[in-house]
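In: Below are the sequence and a predicted model for it; my questions follow.
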Amino acid sequence: MKARQIIRTSILGSLVLVTACAQLKRSVQSIGTAPAAPHLQKHGTVAQLVVDGKPFLLLGGEVHNSSSSSVAYMKPVWPRLAKMHLNTVLVPVSWEQVEPREGQFDFSVVDGLLTDARRNDLRLVLLWMGSWKNSTSRYEADWVKTDQARFPRVIDRDGKPLEILSTFNENTRNADAKAFASLMRHVKEVDSHQRTVIMIQMQNEVGVLGDSRDHSSAANDAFAKPVPSELVDYLQKNKDTLLPEFRKVWDDAGSKVSGTWEDVFGKGTRTDEIFMAWNYARFMNAIVEAGKAEYSLPTFVNAWIVQPEDKGPGDYPSGGPQAQNHDLYRAGAPAIDILAPDIYLPDFPGILAMYSRSANPVLIPESRAGGGGAANAFFAVGQFGAIGYSPFGIDGLPDEEGPFPRAYSVLDQLSPLILEHQGKGTIGAVWLSQQKPSQKIVLGNYTVNIEPPRNRNAPINTSAPIGGYALVINTGPDEYVVAGSGVQITFYVKPPATGIVGLTKVEEGTFKNGQWLPGRRLNGDEVQLRYDLSAAAADGLSGSGLRFNANTGPTIQRVSLHVYK
Ligand code: DGJ
C-alpha cells in the first residue's frame, strides 16, 4: 500500500470509529443518561421550563385551529415559522383524528407533525382538543358526538341542550382520559429521547357559554349536594392566601365550612361559576393524571378571559380557569401546572398581574403578533419572568421579516441572559402606553428611565401613538444590556447616592451563542438627547442616553456607566 493510501485508510478507519463511538454514546444516553423529560423548575422567584436539562425560553406561535390536522398543509409552514425565529409551535391534536373508532388509535398525523417539526429544529406544544374547544364540543371523536345518551350535553336553564359535553358524566371523562393517555403513551414511545414535545395544553378555553351553569339533572343533583370535602378542606387550609375576589364570595356568605354550594357561597351566578369551575377542574385533573401516568410533561389550561362587555359568567365560558377561579383549579386540579390567559385585550400588563398571583407561572399561549405582540413578548419575559409567549394564527402572519420576527430574533439572542436573570431581581421590562408614557425601573445601582423618543427636552407628546418597549438586564455593577424599540433611555443614580450618570461606553451589537458581538460604537447624535446641559443637570441628567429607533424594530445595546459629581 502506498503511504498516501495508508493515511487515507487510517483516516477513514478513525472516522468510522468516531462515528461508531458517537452512535454508541447517543444510544447509551438514550438508554441510561438521557436528560429528564421537560419539566418546570424554580429559579429565584419564578418557574422556568427545563428542556434537555437546560432552562428554555419558549418563543412560540399557535397555528390556526385546523392547520395541524393535515401534515401536507403544514409542510410549507414549518420552514416559515423557523425563519420567524420561533423555537416552538403550538399545534392542536384532536380526539376525532387520534381515535376515529372507539379503542382504535391513529397517530399518523401526530407522527408527521413530529417528523417535520424536528426537520425544522422546532419544538411542539400539543393542544389536546378533547371534550372542549372554546366551550363547545366539536373536536371529540365522531362516535362521542353522535351518542348523546352515553355522552350527554349541558342543558341550559330553559331545558335546551347546548353543543357542550357535560362534565357530570363519567363516560365522557373516562373516554377522554383513555384517549389522552394513549396519546401520551405514544408520545413517550416516539419522542422521550428527542423531546420535541415539551408541553401539553389540556383542552381549550373550557367553560359553559350561554348559561352560568349546567342544568342537566346530574348537574342539578350535584348542585344540591354538600360542597365536596376536598374543597372545604382547601378553603380552611388556605384561608389567608385565597385570592381576594374568591375569599370575598365565601366571606359574604358567612365563611361556612359545610352545606350546599348555595349555603357556602350564596345564591347567584357567581356560585354557579364556582360550581362549574370545580367540576371542570376535577374532570380535567382526571384526564391530566391519566396522561401523566404514561408520560409526564408540564401541562397548562388556557382561559378565555372576561371581556369588558361581559355581564356575567356564561357571556364568557363559566367555570373556566379565569383569574377569579384560580383557587378552585388549585384545589381541584393539582395535576395542572399553569393557568394561562389568552390575551387579546389591550391591558396586557394588568392581565399578567392578575394571572401571576399565587405563584402561578406566566405563560401566554395566545395573543397577538405585530409590533404590539413584540412589546407583549418583551414585557412578559422581562417583567413577569414568563416561560414563553405565543401569538395565535402564526401560520397566517404574512411578514417573515416584520417587527415580530425581529423581536423573536432579539429574544432568541438574549435568551441565555434572560433565563439567567429571570426571578433574580436583575431584569425588568416596560411597555409604554398613552396612560403611562414614561416609566422607571430600579435595577442595581441605577434607576432606568424609559420614555418615547422626543426632541431634546420637548414635553412627551401623548396625543401621538405610544407603543415603545424595552427590556433591561443589569449584567454588572455599572453595566446593562438593553433591548428595545421606540424608546429613549436615561439613567439616574439610585438615592441615597448622588451625582449625574455619564455613559462610559455604548455599543450596539448582537449575541451569538451567548457571546457579545459588538457592532457600531455609539456616540454623538446616536446618544446625545439634549444640549440644554444646565437644565439637564438640574434634572439630574447628563443630556445623553440610549436611543432605540421604532422603525428598525428592536435592537440590542450594551452600556457601561459612571457617575460624576
Ligand atoms: C381563542 C381560541 O382559543 C382559539 O382557538 C381561536 O379560536 C381564537 N380565539 C380565535 O381568535
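Out: Received the coordinates, thanks.
In: Please make it C-alpha for all contacts and neighbour counts, starting now.
Out: Noted.
In: helices or strands next to the top strand by length along the chain in the packing?
Out: Longest strand of the chain, by residue count under DSSP state E: strand 500-512. Helices and strands touching strand 500-512, by 3 or more C-alpha pairs under 8 Å, 6 or more residues apart in numbering; DSSP states H and E, are helix 403-421, strand 487-493, strand 515-521, strand 555-564.
In: Kindly spell out which helices and strands sit in contact with the first one.
Out: This means helix 403-421. strand 54-56, helix 370-383, strand 469-476, strand 500-512.
In: Just name the shakiest helix or strand of the chain by mean pLDDT.
Out: Sorting the helices and strands of the chain by mean pLDDT, DSSP states H and E puts helix 3-28 at the bottom, at a mean of 38.
In: how many other residues sit next to the residue nearest to residue 106 when sequence neighbours are not counted?
Out: Using C-alpha to C-alpha, 6 or more residues apart in numbering and skipping the chain neighbours, the partner closest in space to residue 106 is residue 98 (4.8 Å). Neighbour count of residue 98, defined by other C-alpha atoms under 10 Å: 23.
In: okay but residue 98 is in contact with residue 111, surely?
Out: No: between residue 98 and residue 111 there is no contact under C-alpha atoms under 8 Å: 11.0 Å.
In: Can you name the element that comes right after the least confident helix or strand of the chain?
Out: Beyond helix 3-28 on the C-terminal side, the first helix or strand identified by DSSP states H and E is strand 39-43.
In: what lines up beside that following strand in the sheet?
Out: strand 46-51 (antiparallel) (DSSP bridges).
In: Give the other helices and strands that whichever helix or strand residue 274 is part of contacts.
Out: Element membership for residue 274, per DSSP H and E: helix 269-294. On a contact count with 3+ C-alpha pairs under 8 Å, 6+ apart, helix 269-294 meets helix 170-191, helix 261-265, helix 326-332.
In: Mind doing that once more with 6 Å?
Out: Judged by 3 or more C-alpha pairs under 6 Å, 6 or more residues apart in numbering; DSSP states H and E, the packing partners of helix 269-294 are helix 170-191, helix 326-332.
In: Just checking: what are the partner strands of the helix or strand following that helix?
Out: Following helix 269-294 in sequence order, the next helix or strand is strand 299-304 (DSSP H and E). Strand pairing for strand 299-304, determined by DSSP bridges: strand 197-204 (parallel), strand 338-342 (parallel).
In: Just give me the neighbour total for residue 157.
Out: Neighbours of residue 157 under the rule other C-alpha under 10 Å: 14.
In: Give me the nearest residue to it, chain neighbours excluded.
Out: residue 215 (5.8 Å).
In: okay but the one you found is in contact with residue 159, surely?
Out: No: using C-alpha atoms under 6 Å, residue 215 makes no contact with residue 159, being 7.4 Å away.
In: With neighbour numbers in mind, choose between these two.
Out: Neighbours were counted for residue 215 and for residue 159 using other C-alpha under 10 Å; residue 215 has more, 20 against 12.
In: From the ligand, how far out is that one?
Out: 25 Å (C-alpha to the nearest ligand atom, to the nearest Å).
In: can you tell me the distance between the two ends of stretch 93-112?
Out: Start to finish, the residues bounding stretch 93-112 are 12 Å apart (C-alpha to C-alpha, to the nearest Å).
In: Tell me the residues of the stretch 151-300 of the chain that contact the ligand?
Out: 204, 205 (C-alpha under 6 Å from any ligand atom).
In: Now distance to the ligand, mean neighbour count and mean pLDDT too, for the helices and strands packed on strand 500-512, in JSON lines please.
Out: Output for the helices and strands packed on strand 500-512, formatted as JSON lines (distance: least, C-alpha to the nearest ligand atom, whole Å; neighbours: other C-alpha atoms under 10 Å; pLDDT from 0 to 100):
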{"stretch": "helix 403-421", "distance to the ligand": "18", "mean neighbour count": "22", "mean pLDDT": "97"}
{"stretch": "strand 487-493", "distance to the ligand": "30", "mean neighbour count": "23", "mean pLDDT": "97"}
{"stretch": "strand 515-521", "distance to the ligand": "38", "mean neighbour count": "12", "mean pLDDT": "98"}
{"stretch": "strand 555-564", "distance to the ligand": "30", "mean neighbour count": "18", "mean pLDDT": "98"}
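In: Can I get the longest strand of the chain in CSV, CA atoms only?
Out: In CSV, the C-alpha atoms belonging to strand 500-512 read as follows (Å, rounded to 0.1, in the frame of the first residue of the first chain):
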residue,chain,number,x,y,z
ILE,A,500,-25.0,62.5,37.5
VAL,A,501,-24.7,59.4,35.3
GLY,A,502,-22.4,59.5,32.3
LEU,A,503,-22.3,56.9,29.5
THR,A,504,-18.8,55.3,29.6
LYS,A,505,-19.3,53.1,26.6
VAL,A,506,-22.2,52.3,24.4
GLU,A,507,-22.2,49.6,21.8
GLU,A,508,-24.8,48.2,19.6
GLY,A,509,-24.5,44.5,18.6
THR,A,510,-25.7,41.0,18.6
PHE,A,511,-25.3,37.9,20.7
LYS,A,512,-24.2,34.6,19.2
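In: got a list of contacts for that strand?
Out: 413, 517-522, 540-541, 556-564 (C-alpha atoms under 6 Å, 6 or more residues apart in numbering).
In: Brilliant, that's me finished.
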